[in-house]
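# curious how this folds, go ahead:
(chains A and B)
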Amino acid sequence: MGTILTLAAKDLRRRAAAPGPVLLNLAIPLAIAGMLALAFGGGTGGGADPPPLKLVLVMLDEGPLSEFLSGASQNSQTAGRLEVLRAKDRQEGLARLREEEAAAMALFPEGFTRDLIEGRQAVFELVKNPSQSFMPLVAEQGAEVLSLYLTVGRRLLGDDAARLQGMLEGEGWSDTAGLALALASLYGRIQSADGMLFPPLIETGEPAGDPGEARGGFDFMSWMYPGMLMMGLLFLGAGQMRDLLMERQAGTLRRQLCAPVAAWQVVASKVLSAALVVGAAHVLLMGAGSAFFGVRWGSALPLALVSALIVAAVTGFCALLFALVRTERQGDAVSGIVIMVMSLMGGTFIPPQALPEAMRGMAYVTMNHWGHDALRELASGKGWAAVAAHAAALAAMAAAFILAGTLLLRRRHVRGAL
Amino acid sequence: MAGLDSSDRGDMTNARDAAPALQVSEVRYAYGKTKAVDGVSFDVRRGEIFGLLGPNGAGKTTTIALIGGLLSPASGSVLLFGRDVASGGSARARLGVVPQDVALYEELTGRENVRFFGRLYGLSGKPLDRATDEALGQVGLSDRARDRAGALSGGLKRRLNLAAALVHSPDLLLLDEPTVGIDPQARLRILDVVKAQASAGRAVLYTSHYLEEAEQICDRLAIVDHGRVLAVGTVAELRRLAGEGPVVQVRGEIEPPQAQELQQRVPGVHLLGSADGVHSFAAADAAACAALVRELFQGAARVEDLRVQEPTLQSLFLKLTGRELRD
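This next block holds a predicted model:
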């Protein structure tokens, strides 16, 4: 054991003396995760607030409904979601769109309110900014919702619509009896619809309980980051096992074997040092995930077990990978391809369910799937039961890979070191 | 294989411990169909520098690998201090190996490299510190011990390569062409260290394809080619094997049949070999040499270059193989 520790300590000292490659392997998953966080929003508790929708409003209609819509955009609830920029006519509105000031332009033509109240087809225009991708779609959805609400509201008003319009445009506000009559009529209509509308079958709302615990919303980074972590560990593990072939090339392997050192001790030490580096990287990447992306890793004990199994499986897989190649250059090329394919198939970037049906089953033969899926389960607040199958799969993979990897490495690269 | 009577060996050799540190007996090894070592036998005694002299590809490095336990012989045996090298690590613990290529960790300092190899041989604590200082001091690297190995010059790396093999005070030192590609000053330093090791009673097996170097430091030599030992003996003994007369090398427009004809026509002249347009003749004495030269210039052959050499290891190698050592 002393010899194995001496050999492994030598490798760790070499990593500490020249940490560049290890740091690079750590930085890559962090950089990718960072870019994804910037693109899709950070990852704390159900996602960050989206930016407000910037809308150019061209209000050519002077009816009360238009005033109501203009005023609604100014209240405190919508202020954070909607930023309205006024334009006096269509040309000015389009110019503001061209200047990238807004995601869309809504134009309410003259007579919009009158047409609506009098039961004619009322048309308003929405022009989406073609140079933007996401927010114009939000504006379109908003316009559809507005159309629906106005249509339903108009139908609820029924014959009272004309009376209400007269009151709103003229001096009708002082006719309290008329107003009360109209409101009573409206109330009756709403009451008659009550049975259909209430209680709603589906409700939305904030989950009960401690907001820090088991968040109900989808946390993008808690889903994405474990995949990045697994991929980063695989690349790092490959770099560590590559070292055996480098030592063979440099002649230091032959020199070790001239000493009273057995081939199996050399292989065992290399696997041990690789596992230690991968383990340390795993801890660092988890810490970075928490610090930079707000990822919560869940219960400590299941996490420790899953992490240890991930480290063992990654190390064993990389040992096997480099046992099967002839040269370090071949190993670099093959490992890069294999790890990327495994990451794609295993669901690092997209859920396996999104893959073609024929490919979905492939996820289960990749270590990535079992590793990051276990971490995702734990990050979502689940415990032992949720990761038992993952742990079993990882343990089986770790045992098989380490056994096959060390035996093959010993036979192909250490005993044949000349 | 040419050999000599042991009674011819010098007094100093006789005084040394007769028990061999290394016994290589009829060892054979092949890479596929290529015979790398083909029935090699020799022994190395304590306090002796034994040289394996031969061109690149002669089988020297494979022989070292067989002795170091990196390869297992197809047949024959390698005994280190009476124990079969294949029996395990304990025999190898008395061995120090300086590989042909510098085999060090460039990220680590010189001191860390030496300490690491010391640990592999079971040293630790203060004995390891002391042995590391001694090894670095022996090769003159005490003041560069904190520099990274990768930052050292080629000559200094060679010296560090040697220090890493000396740290555990091995009883048998295997040096595989340790002076390849370094400046004369560094070479002298390494040769001094090797001689000091032998003076301290250690056995040294030294491979080289530099004749002068082998002549300078080796007590005994084996000339090897194509995996076979062609001759073994002290430098003086081997020179005698080359013959008393000079060796004549001729370059020119001489066809091999003409060279054969010369051999038959001039008494006391023997054609050693022909390669790359150079024909080598061994002359029995000065008169035979003069007759050969006369015949060459009087004949139809056009001579471009002619050299007459006293018998040397080079001429012995030529005599034994028909080609020069640098081939």
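# any idea how far B:Val204 is from chain A?
B:Val204 sits at a distance of 15 Å from chain A (criterion: CB to the nearest CB, to the nearest Å). (Each C-beta comes from the backbone N, C-alpha and C, glycine too.)
# what are the pairing partners of the helix or strand containing that residue, and which direction each?
Counting by DSSP states H and E, the element that carries B:Val204 is strand B:203-208. Partners of strand B:203-208 in the sheet, by DSSP bridges, are strand B:49-53 (parallel), strand B:172-176 (parallel).
# now do the last one: everything it contacts.
Strand B:172-176 has contacts (CB atoms under 8 Å, 6 or more residues apart in numbering or on different chains) with A:258, B:21-22, B:44, B:60-61, B:64, B:67-68, B:80-81, B:94-100, B:162, B:165-166, B:194, B:197, B:202-207.
# restricted to strands, list these.
Among the contacts of strand B:172-176, the ones falling in strands (DSSP state E) are B:21-22, B:44, B:80, B:95-98, B:203-207.
# so which of those is the closest to A:Val365?
B:Val97 (44.7 Å; CB to CB).
# state the pLDDT value of the closest one.
For B:Val97, the pLDDT comes out at 92.
# quick one on the thing from earlier: buried ones in the next helix or strand after the strand holding B:Val204?
From strand B:203-208 onward toward the C-terminus, using DSSP H and E, the following helix or strand is helix B:211-217. For helix B:211-217, burial by neighbour count (16 or more other CB atoms under 10 Å in any protein chain shown) applies to B:211, B:213-215, B:217.
# may I have helix B:211-217 exported as CSV, CA atoms only?
Extracted as CSV, the C-alpha positions of helix B:211-217 are listed here (Å, rounded to 0.1, in the frame of the first residue of the first chain):
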residue,chain,number,x,y,z
LEU,B,211,34.3,3.6,-28.6
GLU,B,212,36.5,6.2,-26.9
GLU,B,213,34.2,6.3,-23.9
ALA,B,214,34.1,2.6,-23.5
GLU,B,215,37.9,2.3,-23.8
GLN,B,216,38.2,5.1,-21.3
ILE,B,217,36.1,3.7,-18.4
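# looking at that helix now, give me its mean pLDDT.
Throughout helix B:211-217, pLDDT has a mean value of 85.
# what's in contact with that helix?
Contacts for helix B:211-217 (CB under 8 Å, 6+ apart): B:49, B:51, B:53, B:179, B:187, B:191, B:194-195, B:206, B:208, B:221, B:235, B:312-314, B:325.
# let me see the contact set for B:Thr61.
Contacts of B:Thr61 by CB under 8 Å, 6+ apart are B:100, B:176-177, B:207.
# out of the residues you listed, who has the most neighbours?
B:Thr207 (25 neighbours; other CB atoms under 10 Å in any protein chain shown).
# would you mind measuring from that residue to A:Gly298?
62 Å (CB to CB, to the nearest Å).
# B:Arg294 too?
100 Å.
# who has more neighbours out of those two?
A:Gly298 (23 against 11).
# can you pull the buried residues of stretch A:144-154?
A:150, A:154.
# is it true that B:Leu136 touches B:Ala164?
No. Look at B:Leu136 against B:Ala164 with CB atoms under 8 Å: they stay out of range, at 9.8 Å.
# enumerate the residues of the stretch 151-300 of chain A near chain B.
A:250-252, A:254-262 (CB under 8 Å from any CB of the partner chain).
# same thing but at 7 Å, please
A:250-252, A:254-261 (CB under 7 Å from any CB of the partner chain).
# just checking, which of those residues belong to helices?
A:250, A:252, A:254-258 (DSSP state H).
# which helix or strand contains A:Gly237?
Taking DSSP H and E as the definition, A:Gly237 sits inside helix A:220-250.
# sorry, back to before: contacts for the strand holding B:Val204 next, please.
B:21-22, B:44-53, B:60, B:64, B:171-177, B:194, B:197-198, B:214, B:217-218 (CB atoms under 7 Å, 6 or more residues apart in numbering or on different chains).
# also stretch A:233-253?
Here stretch A:233-253 has contacts from A:11, A:21-22, A:25, A:28, A:266, A:270, A:273-274, A:277-278, A:281-282, A:310, A:314-315, A:318-319, A:321-322, A:327-328, A:331-332, A:335, A:339, A:409, A:413-414, A:417, B:99, B:101, B:103, B:105, using CB under 7 Å, 6+ apart.
# how much space between the residue in the stretch 201-350 of chain A that chain B sits nearest to and A:Glu247?
Among residues of the stretch 201-350 of chain A, the one nearest chain B by CB to the nearest CB turns out to be A:Pro260. It sits 3.0 Å away. Per CB to CB, A:Pro260 is found 18 Å from A:Glu247.
# between these two, who's got more neighbours?
In this view A:Pro260 and A:Glu247 are compared by other CB under 10 Å, and A:Glu247 has more residues nearby, 23 against 20.
# counting neighbours, which of the ones in helices among the residues of the stretch 151-300 of chain A next to chain B comes out on top?
Neighbour counts for these peak at A:Arg255, which has 26 neighbours (criterion: other CB under 10 Å).
# so which bits of chain B are right by chain A?
Residues of chain B lying near chain A (CB under 7 Å from any CB): B:65, B:68-71, B:89-90, B:92-93, B:95, B:97, B:99, B:101, B:103, B:105, B:107-108, B:112, B:116, B:119-121.
# start and end of stretch B:106-126, how far apart?
From its first residue to its last, stretch B:106-126 covers 25 Å (CA to CA, to the nearest Å).
# likewise for stretch B:266-283?
OK, stretch B:266-283 end separation, CA to CA: 10 Å.
# now do the buried residues in it.
If you call a residue buried by 16+ other CB under 10 Å, then stretch B:266-283 has these buried ones: B:266, B:268-274, B:278-283.
# among those, which are in strands?
For the buried residues of stretch B:266-283, the ones inside strands are B:269-274, B:278-283, with DSSP E as the criterion.
# quick check, nearest of the residues you listed to chain A?
Using CB to the nearest CB, those come closest to chain A at B:Gly273, 31.8 Å.
# what's opposite that closest one in the beta bridge?
Under the criterion used here (DSSP bridges), B:Gly273 is bridged to B:Ser280.
# can you report how many residues lie near residue 53?
Picked chain A for this. 19.
# actually chain B
Applying other CB under 10 Å, I find that B:Leu53 has 28 neighbouring residues.
# same deal with the one 5 residues further on?
When neighbours are defined as other CB under 10 Å, B:Ala58 has 25 of them.
# next one: phi and psi at B:Gly118?
When read as degrees, to the nearest 10, the backbone of B:Gly118 gives phi -60, psi -40.
# that one against B:Asp133, yeah?
No. Using CB atoms under 7 Å, B:Gly118 is not in contact with B:Asp133; the gap is 10.8 Å.
# between the two, which one's more packed in?
The residue with more neighbours, out of B:Gly118 and B:Asp133, is B:Gly118; 26 against 15, by other CB under 10 Å.
# now do the contacts for the more buried one.
B:128, B:131-132, B:167-168.
# returning to what we had before: filter the contacts of stretch A:233-253 to the buried ones?
Buried among those (16+ other CB under 10 Å): A:11, A:22, A:25, A:266, A:270, A:273-274, A:277-278, A:281-282, A:310, A:314-315, A:318-319, A:321-322, A:328, A:331-332, A:335, A:339, A:409, A:413-414, A:417, B:99, B:101, B:103, B:105.
# of those residues, which belong to helices?
A:11, A:22, A:25, A:266, A:270, A:273-274, A:277-278, A:281-282, A:310, A:314-315, A:318-319, A:321-322, A:328, A:331-332, A:335, A:339, A:409.
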